[in-house]
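*Asks:* what follows is a predicted protein model with its sequence.
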Amino acid sequence: MQFGKENLSRKIIHELKYKSREKTGKVLADWVTERLDFKNDRPDLLVSVPLHPKKHKERGYNQLHLFTKNLSDFYNIPHDHNLIRRNHYSKAQALKDKKHRLETQNTFTLTKSISNQHILLIDDVFTTGNTLATIAWEILKESNNKVSVLVMAMDE
C-alpha cells in the first residue's frame, strides 16, 4: 500500500497505531496472507520492530504484534516479539527532520544470539529504511543469518 497524505492506507494504519484499534492488525494480516507466497524462500522466524517500553506502555500494545502473530499462525512460522530491544525512546521516523532520521546508531540490540536463521522483519510503514536497516545489520552481525522485510505500507 502507498502511505499517502490523505489516502485510506494512512487512515487504516493510524487507526491501528493511535486509536486503540489493535484488531486492525489481524485484518491487515488476513489481507496479506491472501497475497504473500514465500515459494522456496520461507523464513524461519517472524520478528516485528519493537516499541520502546515507555511507548509500549503509553499505547498499551505494539501495533505489529497481532499482525505478526496472525501471519505466524497462518504460515506456521514461529515469531519472537522479544528478539530485538529498542534502546532509546524517540519519536517516529516520519516525525523527524531529515538530519535526525539518520541517527539510528545503537538504537536496537538483539536480546539473544541467533545463527543460521532467515528472519522476516516486519514493520508498519517504510519511511526512510533506517529503522529496518539498523535492525537488519544487528541480525546480520550474527553468524550466517538472512533478513527479509515485510511492511504494511510505503511512505511517499
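*Replies:* Yep, that arrived. Numbering: from 1, shown residues only.
*Asks:* residues near Leu121, how many?
*Replies:* The number of residues packed around Leu121, counting by other C-beta atoms under 10 Å, is 22. Where C-beta positions appear, they are placed from N, C-alpha and C, glycine not excepted.
*Asks:* now the spatially closest residue to it that is not a sequence neighbour: how far from Ile135?
*Replies:* Taking C-beta to C-beta, 6 or more residues apart in numbering, and ignoring the residues beside it in sequence, Leu121 has Val149 as its nearest neighbour in space, at 5.1 Å. Relative to Ile135, Val149 is positioned 9 Å away (C-beta to C-beta, to the nearest Å).
*Asks:* low pLDDT regions in the protein?
*Replies:* Per-residue confidence for the chain (pLDDT under 70) gives these ranges: 1-9, 14, 16-22, 90-105, 156.
*Asks:* returning to that earlier point: please look at the residue nearest to Leu121 and Ala133 and confirm they touch.
*Replies:* No: the pair Val149 / Ala133 is not scored as a contact, 9.4 Å apart, by C-beta atoms under 8 Å.
*Asks:* who's more crowded, those two?
*Replies:* The residue with more neighbours, out of Val149 and Ala133, is Val149; 16 against 13, by other C-beta under 10 Å.
*Asks:* now do the SS call for the spatially most central residue of the chain.
*Replies:* Per C-alpha atoms, centre = their mean, the C-alpha nearest to the average position across the chain is that of Asp123, at 2.2 Å. Applying DSSP: H, G, I helix; E, B strand; the rest coil to Asp123 yields a three-state assignment of strand.
*Asks:* now it: closest residue in space that isn't a chain neighbour?
*Replies:* Once flanking residues are discounted, Asp123 sits nearest to Val49: 4.5 Å by C-beta to C-beta, 6+ apart.
*Asks:* who's in contact with the one you found?
*Replies:* Leu64, Ile84, Leu121, Ile122, Asp123, Asp124, Thr131, Leu132, Ile135 (C-beta atoms under 8 Å, 6 or more residues apart in numbering).
*Asks:* how about the residues you listed in JSON lines, adding distance to Leu45?
*Replies:* Conversion of those to JSON lines gives the following (distance: C-beta to C-beta, whole Å):
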{"residue": "Leu64", "distance to Leu45": "14"}
{"residue": "Ile84", "distance to Leu45": "11"}
{"residue": "Leu121", "distance to Leu45": "10"}
{"residue": "Ile122", "distance to Leu45": "11"}
{"residue": "Asp123", "distance to Leu45": "15"}
{"residue": "Asp124", "distance to Leu45": "19"}
{"residue": "Thr131", "distance to Leu45": "18"}
{"residue": "Leu132", "distance to Leu45": "16"}
{"residue": "Ile135", "distance to Leu45": "13"}
